[in-house]
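Student: sharing a model that was predicted from the sequence below.
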Amino acid sequence: MLPLDKMMMRLAEDLLQELSSLDESHRIEAKRCSQVDRSVMQSVCAFSNEPGLGGGYLLLGVVRDPMDLFGNAYVAEGIADPDKVQSDLVSQCASVFNRPIRPRVAVEQLIGKDGDRRLRAGGQPDR
């Protein structure tokens, strides 16, 4: 989870539920993200530059639920190496843009629909 603003951190589960209920949000975006790519950095740039928005949340390791009939539900897919993604994201945010961006990043454990753990708090692998 990546809040790109000065507002209070919200839990990924709450953000995921809000995104699913709204289908789209100008403050919350979901990305599959196995690595920090152009798409992720474009989202960071958009949240950082939108006047009056004050930032937003970028949920990484989240995809649209393929089993949802209406196509507006999301589910945690997970990230294989959340520590690397977190490190790469912070590094690129500090160096890619004209002005450094310092996002607040949190790695959270979410339980998928099938009961599998998708992410482990602190980015540590499940043991």
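Tutor: Structure's in. What do you need? Please read these numbers as outputs of a predicted model, since none were measured by experiment.

Student: what segments of this protein are strands?
Tutor: Using DSSP state E, the strands of the chain run over 2-3, 28-31, 57-60, 62-64, 74-76.

Student: what distance do you get for I79 to L89?
Tutor: Per CB to CB, to the nearest Å, I79 is found 11 Å from L89. For the C-beta atoms, the positions are set from N, CA and C on the backbone; glycine is no exception.

Student: who touches both of those two?
Tutor: Taking CB atoms under 8 Å, 6 or more residues apart in numbering as the contact rule, I79 and L89 touch no residue in common.

Student: hang on, the earlier thing: ranking the strands of the chain by burial, who's on top?
Tutor: strand 57-60 (a mean of 24; mean count of other CB atoms under 10 Å).

Student: in terms of secondary structure, what does that strand contact?
Tutor: Helices and strands touching strand 57-60, by 3 or more CB pairs under 8 Å, 6 or more residues apart in numbering; DSSP states H and E, are strand 2-3, helix 12-22, strand 28-31, helix 38-49.

Student: for the longest one, buried residues please.
Tutor: The neighbour-count check on helix 38-49 (16 or more other CB atoms under 10 Å) flags 40-41, 43-44, 47-48 as buried.
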